[in-house]
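Undergrad: show me how the following folds:
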Amino acid sequence: MSDLVTDPVTPSRQNGAPPREAGRGGVLGVGLRDRRLRGLRRDGVVPPLDAPPTVAVVEDPDAVAALACEWAELVAATRTSPFTGPEYALAWWRHRGRGRLHVVTVRAAGRLVALAPLHVRRIAGLDVVRWLGHGLGSISELLVAPGAEAAANAVWEHLAALPRVLLDLVEYRGDGAGLLALRRFPGLEATVTLRDVCPVIELDGVDSAESLLRRLPKRSGLRRSVIAAERAVRADGVTFAARTATDPEAFRAMLPDLEHVHDVAEAARPRLHHLRPPWRDFTLEVLDAWLATGRATAHLATLDGRPAAFAVDVVGPVATSWWLARFDPGARRYNPGHLLMRHNIDAVIRSGQRRFDLLLGDGRHKLPWATASYDTLTVRAAPDRLAVRSAALDAVTWAHQGAHDAAHRAVDAVRTRVRTSPSG
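TA: Model (predicted):
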């Protein structure tokens, strides 16, 4: 006798890409978010800009840490993702940061109305300005209070005045605050290129993952995959279960199973191992902070008690994000990724959130579930006088990316030879 069991939780694309979210403006979806134009805040107040904005740069780590409360309030007011917040950004800086901090703040009448979470590194004779969290696929943007969009100009004006500056803002959210102001700013020459897509599941009017699946055509590949996984579980007499951890202590007890899944997933397809050095300490610090404040839940899928898949739900002001998802390729017959996704969707619905952000990538475990998506961009900008140097850095960056891609192609070739070589 087999079962499909899920524990209670405490607080698409089939052919072609899912549709982009409505309300995006400009080429590549560049524009200001509709919710900002409506001036939404938790307290319903639109901060005025009666006085000229005051720009400051915070470079001392202790001084930046002292901004954490105001910074977190700005994340809530702007309704942006937790990955733009102080817990994530400062943990990344403590464990992986290089160069120097360069957190730009803009105040009006003493109130923090904008913040740019940045750092600076010297590369090829240039001061290259990047997000805190660069290199991790962290989606970021300027934080600009509703009603204070003009504060973005103050950030760009400050950065344009720096000597030998090049902005290299990777994974800038495609509808992120400040993009339109940057493209119109006369002191910087900007280039914007499409980088990645982030699938999203909109849950308005959806009361369960099953109801979401029922909306799909009968011939839907996702629907067939889920049915096939359920049949395999029943045919083999396997018990699928999903466990959750909602606090640091429960998470630490679950951690060995999460590490096992991550280990086998990385062995099959090397990407980035968040739970082993050099990223482990950073990841655990962030998760401990979010779990301690009720903003994260770890979900572990098991088959007959053996760990098969996991993911972490991170709660933001308007969406829950699906982070660190990994699956044991040895359990692919049961498709634990799709079964876990179904469990996660039900958990998000029970929490009251109406949007499930699957973050970067259009993998087959994400994209079939998506009902919408948004883009991320690479934004490069420099004063006109540095246009040639910017082109040089482009060449260096592309060469590095080419070497990275070549390494992955070599690994894939080895795997192919192993799979196709005769046994014995």
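Undergrad: beyond the helix or strand that residue 234 is a member of, next helix or strand please.
TA: In this assignment (DSSP states H and E), residue 234 forms part of helix 221-235. Using DSSP H and E, the helix or strand that follows helix 221-235 in sequence is strand 240-245.
Undergrad: okay, now the sheet partners of that next one, with direction.
TA: strand 4-6 (parallel), strand 296-303 (antiparallel) (DSSP bridges).
Undergrad: what's the most buried one of those strands?
TA: Each of these was scored by mean neighbour count; the highest is strand 296-303, a mean of 24, by mean count of other Cβ atoms under 10 Å. (Each C-beta comes from the backbone N, C-alpha and C, glycine too.)
Undergrad: hang on, residue 191 in a strand?
TA: Yes. According to DSSP: H, G, I helix; E, B strand; the rest coil, the state of residue 191 is that of a strand.
Undergrad: which strand residues bridge it?
TA: Assigned bridge partners for residue 191, using DSSP bridges, are residue 380.
Undergrad: before we move on, what about residue 107?
TA: In this structure, residue 107 bridges to residue 54, residue 112 when assessed by DSSP bridges.
Undergrad: packing partners for the helix or strand where residue 198 lies?
TA: For residue 198, the element it lies in under DSSP H and E is strand 189-202. Counting by 3 or more Cβ pairs under 8 Å, 6 or more residues apart in numbering; DSSP states H and E, the packing neighbours recorded for strand 189-202 are strand 165-173, helix 179-184, strand 355-357, strand 372-382.
Undergrad: nearest to residue 247, of those?
TA: strand 355-357 (22.0 Å; Cβ to Cβ).
Undergrad: other SSEs contacting the helix holding residue 234?
TA: Using 3+ Cβ pairs under 8 Å, 6+ apart: helix 221-235 touches helix 209-214, helix 336-351.
Undergrad: any chance of the helices and strands packed on strand 189-202 in TSV, plus distance to residue 287 and mean pLDDT?
TA: Formatted as TSV, the helices and strands packed on strand 189-202 follow (distance: least, Cβ to Cβ, whole Å; pLDDT from 0 to 100):
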stretch	distance to residue 287	mean pLDDT
strand 165-173	20	95
helix 179-184	30	93
strand 355-357	17	97
strand 372-382	23	94
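Undergrad: any chance of these in JSON lines, plus mean neighbour count?
TA: Below are those laid out as JSON lines (neighbours: other Cβ atoms under 10 Å):
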{"stretch": "strand 165-173", "mean neighbour count": "23"}
{"stretch": "helix 179-184", "mean neighbour count": "20"}
{"stretch": "strand 355-357", "mean neighbour count": "22"}
{"stretch": "strand 372-382", "mean neighbour count": "22"}
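Undergrad: format these as TSV; extra columns: distance to residue 268.
TA: Formatted as TSV, the helices and strands packed on strand 189-202 follow (distance: least, Cβ to Cβ, whole Å):
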stretch	distance to residue 268
strand 165-173	25
helix 179-184	37
strand 355-357	26
strand 372-382	26
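Undergrad: which one of the ones you listed lies closest to residue 53?
TA: Nearest to residue 53 among these is helix 179-184; the distance by Cβ to Cβ comes to 12.8 Å.
Undergrad: what about residue 248, how many residues nearby?
TA: 16 (other Cβ atoms under 10 Å).
Undergrad: and residue 30, what's its pLDDT?
TA: With respect to pLDDT, residue 30 scores 28.
Undergrad: now do the one 3 residues further on
TA: pLDDT, the model's per-residue confidence, is 30 for residue 33.
Undergrad: repeat for residue 220
TA: As predicted, residue 220 sits at a pLDDT of 81.
Undergrad: this protein: helices as residue ranges?
TA: Remark: helices assigned in the chain by DSSP state H are 34-37, 61-66, 68-78, 86-96, 151-160, 179-184, 209-214, 221-235, 248-268, 280-292, 336-351, 387-420.
Undergrad: residue 308: which of these is closest?
TA: That would be, of those and by Cβ to Cβ, helix 336-351, which comes in at 4.0 Å.
Undergrad: would you mark the buried spots in the closest one?
TA: 336-349 (16 or more other Cβ atoms under 10 Å).
Undergrad: adding pLDDT, write these out as JSON lines.
TA: Compiled in JSON lines, the buried residues of helix 336-351 are given as follows (pLDDT from 0 to 100):
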{"residue": "336", "pLDDT": "95"}
{"residue": "337", "pLDDT": "93"}
{"residue": "338", "pLDDT": "95"}
{"residue": "339", "pLDDT": "96"}
{"residue": "340", "pLDDT": "96"}
{"residue": "341", "pLDDT": "96"}
{"residue": "342", "pLDDT": "95"}
{"residue": "343", "pLDDT": "96"}
{"residue": "344", "pLDDT": "96"}
{"residue": "345", "pLDDT": "97"}
{"residue": "346", "pLDDT": "97"}
{"residue": "347", "pLDDT": "96"}
{"residue": "348", "pLDDT": "97"}
{"residue": "349", "pLDDT": "96"}
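Undergrad: for those, which one is nearest residue 266?
TA: residue 337 (15.3 Å).
Undergrad: that closest one touches residue 328, doesn't it?
TA: No. Here residue 337 does not reach residue 328: they are 9.5 Å apart, not a contact under Cβ atoms under 8 Å.
Undergrad: related to what we said a few turns ago, worst mean pLDDT among the helices of the chain?
TA: Per-stretch mean pLDDT for the helices of the chain is lowest at helix 34-37 (a mean of 29).
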